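Peer 1: A predicted structure for the sequence below; I have some questions about it.
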Amino acid sequence: MNLTTVLAPVAGAAFGLAAVPDPVFSQAMVGPGAAIDPERIPGEAVAPITGTIIKLHPHAYVVVGDDGRGVLVHLGIDTVQLRGAGFCLLAAEGDRVEAGQPVVRWNPAAVAAGGRSPFCAVVALDAVDGSISDVAVGTVGAGDELFQWS
């Protein structure tokens, strides 16, 4: 059985996706996973797994591991409307990254000040029901284990 350890991309309070104020994530329409209410300080969002960045927007990115499993990190809710303002890319599409390597610099406090939720969704793309376990709850640091994907 293949087991993928998915790391927290940001520091904050981890919780289940069901509490995210967006039905696409809370109803696991794109897949199961976890969410983080980030610390309200400027910081870097890191790669959740080792692999290749196949999609990179200022507010979201997907890293696909060598096993073909992809993990989506979405920084904040409705942050696509910011059109990149407040986000700084530290990597590029096609880059190979190590788990824990910085990918985007952002400021969750600025996102919140703009009236948007800074909650970060971390989703195991195309994962089957019941394949996510050991989901962290409570305080996590960027690069800490967030969940297991079997």
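Peer 2: Sure, I can see it. These numbers were taken from a predicted model, which means no experiment stands behind them. Residues are numbered from 1 along each chain as shown.

Peer 1: which ones are touching the residue lying closest to residue 143 once chain neighbours are set aside?
Peer 2: Distances taken as C-beta to C-beta, 6 or more residues apart in numbering place residue 100 nearest to residue 143, at 4.1 Å, with adjacent residues excluded. Quick note: C-beta positions are derived from backbone N, CA and C, even for glycine. By C-beta atoms under 8 Å, 6 or more residues apart in numbering, residue 100 lies in contact with 7, 46-47, 142-143.

Peer 1: what bridges to residue 64?
Peer 2: Each beta-bridge partner of residue 64 is listed here: residue 52, residue 70, as defined by DSSP bridges.

Peer 1: burial check on residue 132, number of neighbours?
Peer 2: 24 (other C-beta atoms under 10 Å).

Peer 1: who's in contact with the nearest residue to it once chain neighbours are set aside?
Peer 2: Excluding its sequence neighbours, the residue lying closest to residue 132 (C-beta to C-beta, 6+ apart) is residue 32, at 4.5 Å. Contacts for residue 32 were tallied using C-beta under 8 Å, 6+ apart; they are 17, 123-124, 127, 129, 131-132.

Peer 1: can you give me the pLDDT of residue 32?
Peer 2: At residue 32, the model reports a pLDDT of 96.

Peer 1: longest helix in this protein, by residue count?
Peer 2: helix 108-113 (DSSP state H).

Peer 1: what mean pLDDT does it get?
Peer 2: Mean predicted lDDT for helix 108-113 stands at 93.

Peer 1: and the next element down the chain from that helix?
Peer 2: Sequence order places strand 120-124 as the next helix or strand after helix 108-113, per DSSP states H and E.

Peer 1: residues making contact with that following strand?
Peer 2: Strand 120-124 is contacted from outside by 4, 6, 8-10, 12, 17, 20, 22, 25, 28, 30-36, 38, 45, 48, 69-76, 131-132, 146-147, 149, using C-beta under 8 Å, 6+ apart.

Peer 1: stretch 15-24 too?
Peer 2: Under C-beta under 8 Å, 6+ apart, the answer for stretch 15-24 is 25-26, 28-30, 32-37, 77-78, 117, 119, 121, 123, 135, 137.
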